[in-house]
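> here is my input; please provide its structure:
(one chain, ligands or ions: 3)
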Amino acid sequence: MRIAVPNKGRLHEPSEELLERAGLHLVDGADRQLHADTVDPDVTVLYARAADIPEYVADGAADVGITGLDQVRESDTDDLVELRDLDFGRCRLVLAAPEDSDIETVYDFEGGRIATEFPKITRRYFDRVDVDVDVTEVSGATELTPHVDIADGIVDITSTGTTLRMNRLAVVDEVLESSVRLFAREDTADDEKVQQVDTALGSVLAAEDKRYLMMNAPEDALDDVEDVLPGMGGPTVMDIAGSDQLAVHAVVEERAVFETISSLKDVGASDILVTEIERLVE
Ligand SMILES: Nc1ncnc2c1ncn2[C@@H]1O[C@H](COP(=O)(O)OP(=O)(O)OP(=O)(O)O)[C@@H](O)[C@H]1O
Ligand SMILES: O=P(O)(O)OC[C@H]1O[C@H](OP(=O)(O)OP(=O)(O)O)[C@H](O)[C@@H]1O
Ligand SMILES: [Mg+2]
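Ligands and ions are numbered 1, 2, ... in the order given. Below you'll find the model as predicted:
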């Protein structure tokens with residue numbers, strides 16, 4: 001089973017980190033290599049450009065891919081199946097025009113020119129809203145094109161909005177909301193190994209916003225302690241040898257930890273430990 005992973009750019013490192021955290025440790029994963037083995041002899045990594053990854057999966061060069069939804073949509077490959085939102089590389093593909101122009105809505109672009117690195121998505125978007133424009137493909141520095149009379153507007157990626165602001169461009173409409181996805185081909189999506197990788201990556205995401213709480217509590221406080229602990233199933237309760245205290249363990253939502261700890265202390269719990277969870281397979 002081969003996983004296609006971005007070889008450089010902003011998606012490279014977080015993709016590799018996610019694989020590592022999922023337990024798919026890379027062997028000889030040095031940068032700029034074409035391939036890397038993982039600790040699982042059945043799983044290898046193929047490094048490719050973020051934009052080429054959908055094509056590689058569609059063609060069978062890889063079985064699953066990790067790249068932005070924008071790249072999947074732009075590739076126009078139709079037998080790809082999204083397995084999971086990997087929750088990084090969040091950005092928006094937006095239609096933008098110079099701040100000082102008269103353009104306020106997409107309809108103001110009728111008969112105009114749009115520059116973009118995403119010609120297919122852009123074409124489909126303008127067809128959908130039934131506005132006739134000329135779409136010019138550029139390979140970078142898209143934000144410059146309205147200022148050198150190459151285009152009246154652009155379709156480009158934004159996340160913090162800094163680049164648009166620096167180039168005095170204003171968002172006219174959102175074309176696509178994107179984040180990094182794990183995807184496969186229709187004919188491989190149900191393969192056991194593909195499912196294993198999906199589960200492993202999912203277990204990292206599931207653990208991210210959870211914490212593991214351990215504490216001691218007097219036996220007669222157990223009911224109150226259990227009432228305080230929200231979340232996944234009941235806590236695990238263990239006797240402590242030679243003590244009238246119990247050890248109580250539970251998984252708690254990260255955002256509930258602060259409040260939960262005060263409530264636990266109020267009902268008599270002590271020696272409370274909070275730890276991160278590496279992976280959580282539900
Ligand atoms: N500003 C951003 N914020 C968040 N995600 C982004 C941003 N820009 C791009 N992305 C996501 O990262 C993907 C790859 O972008 P990146 O700029 O790292 O590579 P690239 O420019 O396509 O690489 P290459 O140098 O190989 O052309 C994009 O398709 C998008 O999904
Ligand atoms: O809203 P912002 O946070 O400013 O991000 C938007 C910018 O990020 C991307 O470029 P990138 O940095 O990847 O450079 P590139 O053009 O070389 O790909 C994108 O093409 C925008 O130019
Ligand atoms: Mg880029």
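
> could you say which helix or strand holds the residue in the stretch 1-150 of the chain that ligand 2 sits nearest to?
Ligand 2 sits closest to residue 140 of the stretch 1-150 of the chain, with a gap of 4.7 Å, by Cβ to the nearest ligand atom. C-beta here means a position set from N, CA and C on the backbone, and glycine is covered the same way. Residue 140 belongs to no helix or strand when assigned by DSSP states H and E.

> contact residues of the stretch 151-282 of the chain facing ligand 1?
By Cβ under 6 Å from any ligand atom, the residues of the stretch 151-282 of the chain that approach ligand 1 are 157, 159, 178.

> quick check: the second one touching residue 93?
No: contact criterion Cβ atoms under 8 Å: residue 159 and residue 93 do not qualify, at 10.7 Å.

> so which residue is dead centre in the protein?
residue 87 (2.2 Å; Cα atoms, centre = their mean).

> ok and the residue in the stretch 151-282 of the chain nearest ligand 1?
Counting by Cβ to the nearest ligand atom, the stretch 151-282 of the chain gets nearest ligand 1 through residue 159, at 3.2 Å.

> next up, the contacts around that residue.
Residue 159 sits next to 90-92 when contact means Cβ atoms under 8 Å, 6 or more residues apart in numbering.

> distance of it from ligand 2?
With the distance defined as Cβ to the nearest ligand atom, to the nearest Å, residue 159 ends up 4 Å from ligand 2.

> picking up where we left off before, near the closest residue to the residue of the stretch 1-150 of the chain closest to ligand 2 other than its chain neighbours, how many other residues are there?
With sequence-adjacent residues excluded and distances taken as Cβ to Cβ, 6 or more residues apart in numbering, residue 140 is closest to residue 117, at 6.9 Å. Using other Cβ atoms under 10 Å, the number of residues around residue 117 comes to 20.

> distance check, residue 117 against residue 162.
18 Å (Cβ to Cβ, to the nearest Å).

> phi and psi next, for residue 109.
When read as degrees, to the nearest 10, the backbone of residue 109 gives phi -90, psi 0.

> what of residue 260?
Torsion angles, degrees, to the nearest 10, at residue 260: phi -60, psi -40.

> find the nearest non-adjacent residue to it, please.
residue 252 (5.6 Å).

> OK, contacts around that neighbour?
Contacts of residue 252 (Cβ under 8 Å, 6+ apart): 210-213, 229-231, 260.

> mind doing that once more with 7 Å?
210-211, 213, 229-231, 260 (Cβ atoms under 7 Å, 6 or more residues apart in numbering).

> okay, and the beta partners of residue 27?
residue 37 (DSSP bridges).

> that one contacts residue 40, doesn't it?
No: when contacts are counted by Cβ atoms under 7 Å, residue 27 is not listed as touching residue 40 (9.9 Å).

> neighbour-wise, which of these two wins?
Just comparing residue 27 and residue 40: by other Cβ under 10 Å the higher neighbour count belongs to residue 40, 16 against 12.

> for the more buried one, which three-state class applies?
Recorded secondary structure, residue 40: coil (DSSP: H, G, I helix; E, B strand; the rest coil).

> up against ligand 2, what does the stretch 1-150 of the chain have?
Near ligand 2, when you scan the stretch 1-150 of the chain using Cβ under 6 Å from any ligand atom, you find residue 140.

> any weak-confidence spans in the stretch 1-150 of the chain?
Flagging of the stretch 1-150 of the chain using pLDDT under 70 yields the residue ranges 29-32.

> helices of that one, residue ranges please.
12-21, 53-59, 69-75, 119-128 (DSSP state H, counting those that start in this stretch).

> tell me which residues in the second one are buried?
Buried positions in helix 53-59, judged by neighbour count with 16 or more other Cβ atoms under 10 Å: 53-58.

> kindly report the same for stretch 112-121.
By 16+ other Cβ under 10 Å, the buried positions in stretch 112-121 come out as 112-119, 121.

> can you pull the contacts of residue 137?
So residue 137 contacts 116, 119 (Cβ under 7 Å, 6+ apart).

> show me what it is bridged to.
With DSSP bridges as the rule, residue 137 is bridged to residue 116.

> the residue lying closest to residue 55 once chain neighbours are set aside: how many residues sit nearby?
Nearest non-adjacent residue to residue 55, counting by Cβ to Cβ, 6+ apart: residue 75, 5.5 Å away. Using other Cβ under 10 Å, the number of residues around residue 75 comes to 20.
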